[in-house]
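A.B. asks: make a model of this:
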Amino acid sequence: MRRGLRLRSLLLFVSLAAGAGACQSPTDPDDTPTVDDFLAATITPSPATGNQSTDGRTYRVVRGNNQPDDILAYDWKTSFTASVTLNDKADDDDYLTFPVDLTSATVTVKQASGGIVTPPTGGNTEHSDYVVSNTSSNRFATVNSTNTLTFDVWYDVPSLRREALITVQLTFKDTDGVSFSKSIDVLVSP
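C.D. replies: The predicted structure follows:
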């Protein structure tokens, strides 16, 4: 009898727990939008094309141990344009106060194969340099503003191939000092 009471109590507890779980409403998601909700970015061309660098841009390889440094020309250069739009969700619940300024744009180049980063081995490293050669503006005056930035990127990767994965990191600040960042991956085709 005692065993039957335990079993009924256990079954009652399990059914109550299951019923309570089924009746619970899901927790409300955070009302604050994420950067991906209100900032759209496109890259042209996509994928970008790496071409042999012919303009003589160089980088330094420090040798140390009283050995002279090597000055080497970059093997590859690519150019692409990033179009960035702050859509209408940027103004939801007064999350951002316009105007919004683009405060920095940085580029990182990684060796890749098929869009997958393949870190170099044996102490080798990637080398890169870049300029923002053209920009429509650094200010987003209103919702649905779009600005474009054209990047020229020179690079060398240990695989000696032209394929790479470039990450563009953009940082923004609104009039009230709210800062946010967006990373954009740019594939450079083989």
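A.B. asks: F98: how many residues sit nearby?
C.D. replies: 15 (other CB atoms under 10 Å). The way it works is simple: take the backbone N, C-alpha and C, and place the C-beta from them, glycine included.
A.B. asks: can you check the one 5 residues further on too?
C.D. replies: Burial of T103 is recorded as 12 neighbouring residues (other CB under 10 Å).
A.B. asks: do D91 as well
C.D. replies: 16.
A.B. asks: below-threshold pLDDT in the chain: ranges please.
C.D. replies: 1-33, 92-94 (pLDDT under 70).
A.B. asks: can you do 90?
C.D. replies: Low-confidence segments of the chain (pLDDT under 90): 1-34, 62-66, 88-96, 114-115, 121-123, 190.
A.B. asks: top strand in it by residue count?
C.D. replies: strand 100-113 (DSSP state E).
A.B. asks: CA atoms only for it, dumped as CSV, please.
C.D. replies: What follows is strand 100-113 as a C-alpha-only set of coordinates in CSV (Å, rounded to 0.1, in the frame of the first residue of the first chain):
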residue,chain,number,x,y,z
VAL,A,100,24.8,58.7,-35.8
ASP,A,101,28.5,58.9,-36.7
LEU,A,102,30.8,56.2,-38.1
THR,A,103,33.8,56.7,-35.8
SER,A,104,36.2,54.0,-37.0
ALA,A,105,36.7,51.4,-39.8
THR,A,106,39.4,48.7,-39.3
VAL,A,107,40.3,45.7,-41.5
THR,A,108,41.8,42.3,-40.6
VAL,A,109,43.0,39.8,-43.2
LYS,A,110,43.1,36.1,-42.4
GLN,A,111,44.3,33.2,-44.6
ALA,A,112,41.4,31.1,-45.7
SER,A,113,40.3,28.2,-47.9
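A.B. asks: so what are the sheet partners of the helix or strand where D152 lies and their directions?
C.D. replies: Per DSSP states H and E: D152 is located in strand 145-156. Here strand 145-156 has these sheet partners by DSSP bridges: strand 76-86 (antiparallel), strand 127-135 (antiparallel).
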